[in-house]
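Chemist: here is the input, now give the coordinates:
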Amino acid sequence: NGNGVMNNVTDPFNEYDGKISIEYRGSSSQSFPKKPYALETQKANGDNNNVSILGMPSENDWILYAPYTDKSLMRNVLTFDIGRKMGWYSSRTQYCELVIDGDYKGIYVFMEKLKKDKNRIDIAKLDTDDLAGDSLTGGYIIKVDKYTGTGGEDWLSDFDDIGGGDLYLQYHYPEASTMHPIQKDYIHSFVDSFEYALSSSYFADTSIGYNNFIDVNSFIDFYIVNELAKDIDAYRLSSYIYKDKDSKGGKLTMGPLWDFNLAYGNADYCEGWLTSDWEVTTSCGSDNPFWFERLLNDTTYQNSLKCRWEYLRENTLHKDSLYMFIDNTVIYLNTAQQRNFQRWDILGNYVWPNYYIGNSYVEEVQFFKTWISARLSWMDLNMPGNCIQLPLSVDNNTNLT
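Modeler: Numbers count the residues shown, from 1 in each chain. Got it, this is the predicted structure:
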């Protein structure tokens with residue numbers, strides 16, 4: 001309950017006690033008996049009720065994510081923690097045990113819905129009358145995703161995906177139904193300009209190439225996390241991109257990270273179980289936008305990627321750091337995971353699309369850790385680029401002793 005004391009259903013409320021609207025959410029996860037939910041905290045009259053819950057910044061849109069096929073219960077939670085430690089916004093998370101109308105539902109992750117907000121995706125509000133000048137240039141959120149769940153209106157890219165198929169990009173914020181055609185055209189044209197620059201012969205030119213359109217560091221970090229997780233959905237699904245006003249940077253920024261429950265070896269298709277190879281070489285990789293592979297053709301980008309990888313491997317992505325997070329989470333979930341797997345008797349049983357089936361929670365976590373260790377080792381050996389450390393310059397006036 002926040003004080004290290006076990007909560008009981010019969011105890012007085014110690015967090016939010018008020019009206020909510022709640023609905024099922026998700027796509028393939030809807031097929032599982034343990035359902036994810038979206039909820040909105042509301043005032044008595046149904047208006048948005050912005051409140052702080054479990055220490056998270058005040059807002060009204062929340063998600064109860066239901067780890068089911070991920071029997072470690074922590075693939076998303078670990079990934080979002082990595083994202084925050086790398087300096088990006090990722091949905092904040094808190095474990096909870098869910099009871100609805102007296103029915104115990106097991107372990108859930110209470111988390112923030114991805115949306116424009118000063119404490120979430122911190123970009124400018126785009127009003128319907130922002131139709132010219134700097135105000136037209138942001139903020140926008142778009143995504144590459146499936147159409148079930150929260151899928152919506154899209155446009156067809158002028159460039160095929162890696163396998164030669166159609167690539168569609170969806171409007172996410174503002175909702176397409178509220179956007180003025182001028183705004184739709186603006187963000188569509190801006191992404192077009194990025195894609196044309198990236199596909200051109202001058203793509204690496206610093207004055208007219210791709211880096212005029214994208215936050216390169218966000219693309220590098222997005223690539224690193226998706227490849228570390230060997231996420232079979234990487235790049236082609238649940239891939240968000242946002243753009244603030246030009247006066248606030250105005251470049252396409254990859255993220256936030258989202259939906260890693262089938263990552264880290266937890267898939268028996270698209271070679272998701274293999275700790276070797278890049279995601280693009282899997283049978284899912286043909287659906288990816290061409291962006292990330294094309295960027296690797298730029299030596300400067302490659303070298304920056306290598307430097308970032310080597311830096312992260314000394315801290316956030318050091319095996320000891322990742323293991324410590326996992327081990328601490330196991331301790332925290334100790335009795336709760338037992339109740340969860342009593343409610344959902346799936347340990348030792350196949351749940352789509354498990355590659356590994358552990359007979360206990362301990363075995364599931366051990367597979368998770370062992371897989372990560374092997375993946376880190378493979379990426380250490382295969383990350384392209386050369387991190388060239390510049391020699392320290394010595395000021396001529398400095399007296400060295």
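
Chemist: quick check: which element contains residue 378?
Modeler: Using DSSP states H and E, residue 378 sits in helix 361-382.

Chemist: contact partners of that helix?
Modeler: Here helix 361-382 makes contact (Cβ atoms under 8 Å, 6 or more residues apart in numbering) with 71-72, 74-75, 227-228, 230, 264-265, 275-276, 278, 309, 313, 317, 319, 322-323, 326, 330, 337-338, 341, 347, 356, 358. To be clear about C-beta, it is placed using only N, CA and C from the backbone, and glycine gets the same treatment.

Chemist: tell me how many other residues crowd residue 283.
Modeler: By the criterion of other Cβ atoms under 10 Å, residue 283 has 12 neighbours.

Chemist: tell me the spacing between it and residue 239.
Modeler: 18 Å (Cβ to Cβ, to the nearest Å).

Chemist: which stretches of the protein have low pLDDT?
Modeler: Counting by pLDDT under 70, the ranges of the chain that qualify are 1-4, 148-152, 390-401.

Chemist: can you show me the helices along it?
Modeler: Here the chain has its helices, by DSSP state H, at 75-85, 133-136, 181-199, 216-228, 291-295, 299-312, 319-332, 334-343, 361-382.

Chemist: how about the ones you listed in JSON lines, adding mean neighbour count and distance to residue 34?
Modeler: JSON lines is the format used below for the helices of the chain (neighbours: other Cβ atoms under 10 Å; distance: least, Cβ to Cβ, whole Å):
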{"stretch": "helix 75-85", "mean neighbour count": "21", "distance to residue 34": "14"}
{"stretch": "helix 133-136", "mean neighbour count": "14", "distance to residue 34": "43"}
{"stretch": "helix 181-199", "mean neighbour count": "17", "distance to residue 34": "36"}
{"stretch": "helix 216-228", "mean neighbour count": "22", "distance to residue 34": "25"}
{"stretch": "helix 291-295", "mean neighbour count": "21", "distance to residue 34": "33"}
{"stretch": "helix 299-312", "mean neighbour count": "17", "distance to residue 34": "33"}
{"stretch": "helix 319-332", "mean neighbour count": "14", "distance to residue 34": "19"}
{"stretch": "helix 334-343", "mean neighbour count": "15", "distance to residue 34": "8"}
{"stretch": "helix 361-382", "mean neighbour count": "17", "distance to residue 34": "16"}
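
Chemist: residue 104 is nearest to which of these?
Modeler: Nearest to residue 104, of all these, is helix 334-343, at 5.8 Å by Cβ to Cβ.

Chemist: check which helices and strands the closest one is in contact with.
Modeler: strand 93-100, strand 103-112, helix 361-382 (3 or more Cβ pairs under 8 Å, 6 or more residues apart in numbering; DSSP states H and E).

Chemist: what do you get if the cut-off is 6 Å, keeping everything else the same?
Modeler: strand 103-112 (3 or more Cβ pairs under 6 Å, 6 or more residues apart in numbering; DSSP states H and E).

Chemist: the inter-axis angle of the strand it packs on versus strand 93-100?
Modeler: Interaxial angle, strand 103-112 versus strand 93-100 (axes from the mean of the first three to the mean of the last three Cα atoms, to 10 degrees): 150 degrees.

Chemist: contacts only, for residue 119.
Modeler: Residue 119 is in contact with residue 57, counting by Cβ atoms under 6 Å, 6 or more residues apart in numbering.

Chemist: what separates stretch 190-199 from the chain centre, distance-wise?
Modeler: When distances are taken as Cα atoms, centre = their mean, to the nearest Å, stretch 190-199 is centred 23 Å away from the chain's centroid.

Chemist: could you dump that stretch to CSV, C-alpha only?
Modeler: What follows is stretch 190-199, C-alpha atoms only, in CSV (Å, rounded to 0.1, in the frame of the first residue of the first chain):
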residue,chain,number,x,y,z
PHE,A,190,7.5,16.2,-43.4
VAL,A,191,7.8,12.4,-43.2
ASP,A,192,7.9,12.3,-47.0
SER,A,193,10.8,14.8,-47.0
PHE,A,194,12.7,12.6,-44.5
GLU,A,195,12.2,9.4,-46.5
TYR,A,196,13.2,11.1,-49.8
ALA,A,197,16.3,12.5,-48.2
LEU,A,198,17.2,9.2,-46.5
SER,A,199,16.8,7.2,-49.8
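
Chemist: give me the contact list for it.
Modeler: 159, 209, 210, 213, 294.

Chemist: any idea how far residue 220 is from the third one?
Modeler: Residue 210 sits 13 Å away from residue 220 when distances are taken as Cβ to Cβ.
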